[in-house]
Structure formats: C-alpha cells, structure tokens
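Engineer: sharing a model that was predicted from the sequence below.
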Amino acid sequence: MLPRFLAESIDPDGRHARLAEDEARHLSQVLRLGAGDEIAVFDGMGREFRGRIVRVGRDGAEVLLTEEVLASPEPAVRVTLAQAAIKGEKMDDVVRDATMMGVAAIEPLVSEHTVAHLRPGHAPDRWRRIAIASAKQCRRAVVPPIGGGTLFADWLAQDAAQVKLMLVEPSASVEGHPLSTIGGTRPESASLMVGPEGGWSPAEIDAAVRAGYVPITMGHRTLRADAVPIVAIGLLQFVWGDL
C-alpha cells in the first residue's frame, strides 16, 4: 500500500497537489521518500489520488497527480460526537478512535463536571493533528473537523442533527432507553453527547431532554471514559445497519 498524506491543496484539473511543511517533513525525514517516489494524497473531504513526488523542500512538497482512486466509503449516518472533555491523553484517544470509526465531526464540550482544562474556543491543536494521523492510518479520506470547545448550553442551542442522543448512566436522574432499542428509519444525521468522568448533572440532563435529546444507556457495565463513546458509536452503527 502506498503511504498516504493529507494535501494542503489539490488541483485535479491541473494534476497538482501540495503538501504542507509538516507532511513534507514526515515524508522526507521519517519515510525517507523523495522526488520520483509514488504516494497517495487525500484532501480530507473525501477525495483521494495517486501521485508522484516532484519536489520536496523546507516549505512543503509538490506532487504530480496520476489518477483518482476510489476512497473508502463514509458511514451513511453523519454522526457528530459531542464529547465532554476528559482528562489528559484519554481525550486524545477519543479523537483518534472516533475518527477511525467514521464520525463526521467532533465537538469537545465544557460541562458542569468537566475536570479537563479546556476553555471554550481553545481546544488544543494536537487534536486536529491526531485526527489527521488517524485518518491516514485507517485509510479514511475524510478528516472530521474538531470544534474549538463549546459550552454545554451553547451546544444544545446550535445542534441541528436529525436525531439527538445523550448517553446517561443507569443511575441518572432520568431513565435511559437501551441503546439497542434505538431503531426506526435510519437518519441522515445524528449527534451523540457523552459526558465527562463525573457524568452529567441532573440540570444538564433535564435541559438536554427539553431540547429534544433522547437519553440512552449501554447497560450496567462500567467502562473507561475514553471507551464509552467508541463503544456507543459502534453500537449505533450496528443498529442503523451502517457497519
């Protein structure tokens, strides 16, 4: 398989692509590739091409496109993961694995019980880099956008998904529907809200239900905070016949 790189810009008509400085550095210094070598490039929005390296420099790399290839298909349901920020590398793992699972977008949330250091609008740049690396590794041609960090109440006001789901613990202030029972017609879009290590507050659950969210639960097993959203996404894709 050809090594894959995210292109800073792609001009299919001109058969030209450009790699940014960091991608070019990985190409030349880590993989030891240079002019004449064949690679694959993708635009992060669903298109992928084979190409040949023309030039590598400190400012980036130039690639001659040789043919467009069929990119891996995206899930039929566009799922946005609205994840209340969790501590340390666990959030990195969520971004990496959610990208691998095919989410359309990731929106880090600041909730009442969030203990991770995240100020609204200041999500770390490394999450974008992690998403890019994950897309490259799993051969996905789409890099999901990572939100800057949104207050819980602001997210409720702006979420326009067709189906809105809120993952709650079995001991929450509202009874959750078993995730396996979420059926019916497969939606075009969905949002999945997942809480932080300390869970949602009763006030947040009440506000979400009033905003149209369906509370769901995965049963009585206790999972790591970074595993919960990935398991939930996989189960939803199975329920919707989207694997």
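Structural biologist: On my side now, so go ahead.

Engineer: so how far is H117 from V110?
Structural biologist: 10 Å (Cβ to Cβ, to the nearest Å). Backbone N, C-alpha and C define where each C-beta goes, glycine included.

Engineer: quick one: which of these two has more around it?
Structural biologist: Neighbours around V110 and H117, counted as other Cβ atoms under 10 Å, are more numerous at V110. The numbers are 21 against 10.

Engineer: does that one touch G149 like I think?
Structural biologist: Yes. Taking Cβ atoms under 8 Å as the contact criterion, V110 and G149 are neighbours in contact, 6.0 Å apart.

Engineer: and the residue positioned nearest the centre of the chain, backbone torsions?
Structural biologist: With distances taken as Cα atoms, centre = their mean, the chain has T99 as the residue nearest its mean C-alpha position (3.8 Å). Note on T99: backbone dihedrals following degrees, to the nearest 10 are phi -60, psi -50.

Engineer: so the closest residue to it other than its chain neighbours, which state does it fall into?
Structural biologist: Once flanking residues are discounted, T99 sits nearest to S134: 4.0 Å by Cβ to Cβ, 6 or more residues apart in numbering. Secondary structure assignment for S134 (DSSP: H, G, I helix; E, B strand; the rest coil): helix.

Engineer: tally up the residues packed near R58, please.
Structural biologist: 8.

Engineer: return the residues in contact with it.
Structural biologist: Counting by Cβ atoms under 8 Å, 6 or more residues apart in numbering, R58 makes contact with E21.
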